[in-house]
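S.K.: quick check, what structure comes out for this input:
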Amino acid sequence: MDVVKRVLVGRALRSEGLHETLLPKRLALPIFASDPLSSVAYATQEILLVLTVGGLAFLYLTPWIALAVVGLMAVVVLSYRQVVQTYPSGGGSYAVVSTNLGPSAGLVVAASLMVDYVMTVAVSVASGVDNIISAIPALNEYRTLMAVLFVALLAGVNIRGTRESGRVFAAPTYLFTAGVGIMCVTGLLRWLLGTAPVAESAHYGIRPEAGQGSLTGLALLLLALRAFSSGCTALTGVEAISNGVPAFRRPKPRNAAITMTAMGTIAVLMFSGITALALISKVHITDDACRLTGFSGDCTTTAQRTVIAQVAAAVFGGHHNLGFYYIQAATALVLVLAANTAFNGFPLLASILAQRRYLPHQLHTRGDRLAFSNGILSLAVVAGLLLWVFHASVTNLIHLYILGVFTSFTLCQAGMVRHWNRTLRTESDPVARRRHRSARTINGLGVLVTGVVLVIVLMTKFLQGAYLAVLAGLLLWVMMRAIRRHYDRTGAELAVTDPASDTAVPPRHHAVVLVPEINKPVMRALAYARACRPDSLEAVNVAVDQDEAKALRDQWSALDLQVPLKTLESPYREVTRPFVHYVRSLNRTRPQDLVSVFVSEYVVGRSWENLLHNQSELWLKSRLLLTPGVMVITVPWQLSSSVGRRRRPVGRAPGSVRRGEPLLRGTPRANPAGRMPGSPGPPPGRPGGPGDPGRGRP
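M.R.: Predicted structure coming up:
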């Protein structure tokens with residue numbers, strides 16, 4: 001297993017090597033911005049899918065909706081530049097809102113972002129699979145399996161470390177960006193030269209859905225707002241850079257702000273270019289292929305090609321052209337890898353929440369490769385289940401999307417406005433006050449715009465499935481508050497309030513050794529109990545079989561062990577219940593005394609051997625641990641099958657002590673005094689030093 005882990009995950013890194021994993025801007029861009037950059041591949045398509053519910057009549061709204069999305073993206077990017085420069089310690093929206101609007105509002109943002117990160121993985125991977133199927137339609141029946149396997153692959157790459165995942169994901173992101181740029185420039189030049197590209201679906205008609213063909217007034221406005229909310233998927237992942245500022249090289253805030261500006265500029269240009277070419281080439285696409293008139297193939301089983309696939313085929317001269325396959329391969333790859341934004345954002349956010357005791361502490365622990373492995377695995381499992389349940393359908397998943405991200409956008413900008421208001425109360429420098437007022441204006445505009453979009457998204461998507469995202473966020477919020485209450489109660493209960501009382505020695509110490517039979521493990525447990533020098537010591541046997549119990553008593557007497565043996569009757573042939581009742585009775589008669597129970601346990605070398613040993617002891621210990629004033633001591637006996645385990649190399653990898661793993665090759669072995677080679681020893685007269693009177697004793 002160690003060899004397999006080494007191949008899949010890589011060699012463990014030392015904690016002091018964390019600074020070596022910090023990212024330059026060229027790697028930070030594909031890691032933290034792959035989601036918003038890749039979202040342009042399907043944002044235009046989502047706008048068209050909504051508008052075509054009324055047939056072809058409402059496609060004239062597309063450029064205006066796209067312009068609104070571009071304006072919104074510009075506002076959000078400018079607003080989050082203020083966040084990364086003001087809160088460089090990471091946490092993004094959660095840190096801003098918790099600091100300025102309070103912990104409860106911060107948890108709302110955290111829950112919203114966690115739901116959105118899960119949806120980012122699901123939608124990005126599903127959309128990537130869609131583009132693969134557009135190039136190879138025969139793979140349509142393997143859609144769900146492919147999506148789940150991609151999630152597993154992404155999780156594995158991210159567990160190997162942030163820097164390694166950056167190297168893997170940088171090339172596809174830049175190849176996609178370059179490919180879309182070439183496609184947009186080529187297509188627009190052809191249009192200017194009078195040979196505009198024509199999509200394969202340009203000659204298709206679209207039958208409106210029932211009652212949607214002649215919308216006017218309020219109904220038309222609602223349709224436009226719904227299309228706008230779908231197009232806002234282009235903004236997903238924008239906040240990931242603000243969450244990951246600590247992962248940048250110094251100066252962290254400046255590098256993060258530059259990366260965010262580059263991301264926003266590239267995303268706007270690509271989204272605008274794809275939307276323009278979709279309109280120029282007359283791409284026609286619907287949520288149901290059976291509403292297309294003139295569609296070739298079985299509309300119930302044949303998948304429509306995506307918008308970017310149709311645009312690429314139109315620009316490069318057909319869907320058997322090298323340019324088409326390049327765009328499809330780059331798009332599919334970057335969409336699948338776009339989930340990496342969530343695989344970086346989710347574990348970082350979960351780590352911060354765990355550090356503040358809103359999530360289990362395990363999510364704050366770094367793995368062998370200094371990545372937050374537990375957070376990565378948690379995200380992969382939930383996203384994989386979601387893809388399996390919704391059959392990796394973008395159409396079904398998209399309605400659960402973007403609600404969370406706009407909740408965090410709005411609350412974050414409100415928190416920033418409050419931050420600038422507080423700063424202005426104490427700032428006296430005129431230049432700084434002018435700069436703070438400008439920043440407050442930007443964030444105030446961000447509150448207004450994102451708040452309006454949040455209302456629009458909630459209105460247009462709630463009944464279509466967004467209520468599931470709201471419910472998931474609410475459950476997460478309640479769960480995190482419950483976890484915090486548990487940690488607070490546990491901390492208060494464990495706090496030392498009276499050192500004299502908490503460290504007082506019990507008046508008496510009574511030791512009990514469980515004797516299921518007379519053998520070497522039991523003898524070792526008895527010897528260890530004697531070494532503890534209790535005030536009283538007894539051996540206890542539970543008589544499941546009277547003949548066996550009598551034989552054991554006779555053998556005990558013959559050995560003359562000088563320890564009284566007590567036999568407990570068990571009319572129902574149980575071991576645990578009579579023994580636990582007896583130990584608890586000792587505790588009840590003298591509650592101020594300490595009762596220690598010594599239980600022998602076999603140590604085996606093969607995992608399957610655990611099923612053959614120690615089951616009764618495990619159940620017994622689980623019951624006794626619930627009894628106050630009772631200590632349970634396990635005395636191990638190593639069977640011969642464990643010899644191979646004992647002979648393994650003894651170097652320690654980072655985190656191996658915490659995980660209880662064996663020592664690994666290549667790590668210095670501690671000497672008998674517990675020191676590493678080359679480390680200074682304790683001074684004379686200290687324990688373990690030359691003047692220690694106990695030095696050299698066994």
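
S.K.: you'd agree residue 78 is in a strand?
M.R.: No: using DSSP: H, G, I helix; E, B strand; the rest coil, the assignment for residue 78 is helix, not a strand.

S.K.: could I get the buried residue list for stretch 465-485?
M.R.: 465-466, 469-470, 472-473, 476-477, 480, 483-484 (16 or more other C-beta atoms under 10 Å). C-betas here are computed from N, CA, C, even on glycine.

S.K.: residue contacts, residue 200?
M.R.: 305, 310, 313-314, 319 (C-beta atoms under 8 Å, 6 or more residues apart in numbering).

S.K.: show me where the stretch 351-500 of the chain has helices.
M.R.: For the stretch 351-500 of the chain, the helices defined by DSSP state H, counting those that start in this stretch cover 373-389, 394-397, 403-426, 430-461, 467-494, 499-502.

S.K.: show me what counts as buried in the longest one.
M.R.: Judged by neighbour count (16+ other C-beta under 10 Å), helix 430-461 contains these buried residues: 436, 439-440, 442-444, 446-447, 449-451, 453-454, 456-458, 460-461.

S.K.: of the buried residues of stretch 465-485, just say which sits nearest to residue 36.
M.R.: Closest approach to residue 36 among the buried residues of stretch 465-485 (C-beta to C-beta): residue 469, at 19.0 Å.

S.K.: wait, that closest one sits on residue 405?
M.R.: No: the criterion here is C-beta atoms under 8 Å, and residue 469 misses it with residue 405 at 10.3 Å.

S.K.: tell me the mean pLDDT for the helix or strand containing residue 548?
M.R.: Using DSSP states H and E, residue 548 maps to helix 546-559. The average of the pLDDT scores along helix 546-559 is 90.

S.K.: residue closest to the middle of this structure?
M.R.: residue 375 (3.2 Å; C-alpha atoms, centre = their mean).

S.K.: in contact with the closest residue to that residue other than its chain neighbours, which residues?
M.R.: Of all residues not flanking residue 375 in the chain, residue 347 sits nearest, at 3.1 Å (C-beta to C-beta, 6 or more residues apart in numbering). Contacts for residue 347 (C-beta under 8 Å, 6+ apart) come out as 363, 371-372, 374-376, 379.

S.K.: what's the pLDDT at residue 347?
M.R.: Value for residue 347, per-residue pLDDT: 85.

S.K.: roughly how far apart are it and residue 118?
M.R.: For residue 347, the distance to residue 118 (C-beta to C-beta, to the nearest Å) stands at 12 Å.

S.K.: what sits in contact with each of the two?
M.R.: By the contact definition C-beta under 8 Å, 6+ apart, residue 347 and residue 118 are jointly contacted by residue 379.

S.K.: for residue 154, see how far away residue 27 is.
M.R.: 17 Å.

S.K.: which one of the two has more residues nearby?
M.R.: residue 154 (27 against 21; other C-beta atoms under 10 Å).

S.K.: the nearest residue to the more buried one once chain neighbours are set aside: helix or strand, and which one exactly?
M.R.: Excluding the flanking residues, the one nearest residue 154 by C-beta to C-beta, 6+ apart is residue 339, at 5.5 Å. Using DSSP H and E, residue 339 sits within helix 322-355.

S.K.: next one: that helix to chain centre, how far?
M.R.: Its chain's C-alpha centre and that of helix 322-355 lie 13 Å apart, by C-alpha atoms, centre = their mean, to the nearest Å.

S.K.: list the buried residues of it.
M.R.: For helix 322-355, by 16+ other C-beta under 10 Å, it's 323-324, 326-354.

S.K.: quick one: that helix to helix 373-389, angle?
M.R.: Relative orientation of helix 322-355 versus helix 373-389 (axes from the mean of the first three to the mean of the last three C-alpha atoms, to 10 degrees): 130 degrees.

S.K.: now for the residue nearest to the centre of the chain: which residues touch it?
M.R.: Applying C-beta under 8 Å, 6+ apart, the residues near residue 375 are 346-348, 350-351, 363.

S.K.: over to residue 304?
M.R.: Here residue 304 is in contact with 201, 285-286, 289, 292, 295 (C-beta under 8 Å, 6+ apart).

S.K.: packing partners for whatever helix or strand residue 256 lives in?
M.R.: Element membership of residue 256, judged by DSSP H and E, is helix 252-280. Other elements packing on helix 252-280 under the criterion 3 or more C-beta pairs under 8 Å, 6 or more residues apart in numbering; DSSP states H and E are helix 25-51, helix 62-86, helix 162-192, helix 240-243, helix 307-316.

S.K.: for the helix holding residue 548, C-alpha coordinates in CSV please.
M.R.: The C-alpha trace of helix 546-559 is given here as CSV (Å, rounded to 0.1, in the frame of the first residue of the first chain):
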residue,chain,number,x,y,z
GLN,A,546,-18.9,-23.8,34.1
ASP,A,547,-16.5,-26.6,33.3
GLU,A,548,-14.1,-24.3,31.6
ALA,A,549,-14.4,-21.8,34.5
LYS,A,550,-13.6,-24.6,37.0
ALA,A,551,-10.6,-25.7,35.0
LEU,A,552,-9.3,-22.1,34.8
ARG,A,553,-9.6,-21.7,38.6
ASP,A,554,-7.7,-24.9,39.2
GLN,A,555,-5.0,-23.8,36.8
TRP,A,556,-4.8,-20.4,38.5
SER,A,557,-4.4,-22.0,41.9
ALA,A,558,-1.7,-24.3,40.6
LEU,A,559,0.3,-21.4,39.2
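
S.K.: buried ones in that helix?
M.R.: 549, 552, 556.

S.K.: repeat that for stretch 514-522.
M.R.: 514-516, 518, 521-522.

S.K.: show me the shaky parts of the stretch 301-450 of the chain.
M.R.: 367-371, 395, 399, 401-402 (pLDDT under 70).

S.K.: now with 80?
M.R.: 301-303, 318-320, 335-341, 344-345, 364-373, 394-396, 398-405 (pLDDT under 80).

S.K.: for the stretch 151-300 of the chain, same thing?
M.R.: 157-170, 209-217, 236-237, 239-240, 242-244, 246-247, 295-300.

S.K.: please redo it, this time with the cut-off set to 70
M.R.: 161-169, 210-215.

S.K.: then the stretch 451-600 of the chain?
M.R.: For the stretch 451-600 of the chain, the ranges with pLDDT under 70 are 502.

S.K.: ok, 50 please
M.R.: Applying pLDDT under 50 to the stretch 451-600 of the chain picks out no residues at all.

S.K.: do the same with the stretch 1-150 of the chain
M.R.: Using pLDDT under 50, the flagged stretches of the stretch 1-150 of the chain are 1-10, 13-20.

S.K.: what does stretch 488-507 rub up against?
M.R.: With C-beta under 8 Å, 6+ apart, stretch 488-507 has contacts from 357, 592-594.

S.K.: what about 6 Å?
M.R.: 592-594 (C-beta atoms under 6 Å, 6 or more residues apart in numbering).

S.K.: could you tell me the end-to-end distance of it?
M.R.: 32 Å (C-alpha to C-alpha, to the nearest Å).

S.K.: from the chain's centroid, how far away is that stretch?
M.R.: 36 Å.

S.K.: which residues touch the residue of the chain most remote from its centre?
M.R.: Going by C-alpha atoms, centre = their mean, the residue of the chain most distant from its centre is residue 558, 61.5 Å out. Not one residue lies near residue 558 by C-beta under 6 Å, 6+ apart.

S.K.: kindly provide the distance from it to residue 341.
M.R.: 73 Å.

S.K.: one more: residue 482?
M.R.: Residue 482 is 29 Å from residue 341, by C-beta to C-beta.

S.K.: same question, residue 170
M.R.: 13 Å.

S.K.: joint contacts of those two?
M.R.: In contact with both residue 170 and residue 341: no residue, using C-beta under 6 Å, 6+ apart.

S.K.: show me where the stretch 101-250 of the chain has strands.
M.R.: Under the criterion DSSP state E, counting those that start in this stretch, the stretch 101-250 of the chain carries strands at the ranges 205-206.

S.K.: follow-up on the earlier one: can I get the contacts of residue 200 in a markdown table including neighbour count and distance to residue 490?
M.R.: What follows is the contacts of residue 200, written out as a markdown table (neighbours: other C-beta atoms under 10 Å; distance: C-beta to C-beta, whole Å):
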| residue | neighbour count | distance to residue 490 |
| --- | --- | --- |
| 305 | 25 | 56 |
| 310 | 28 | 58 |
| 313 | 25 | 61 |
| 314 | 27 | 63 |
| 319 | 17 | 61 |
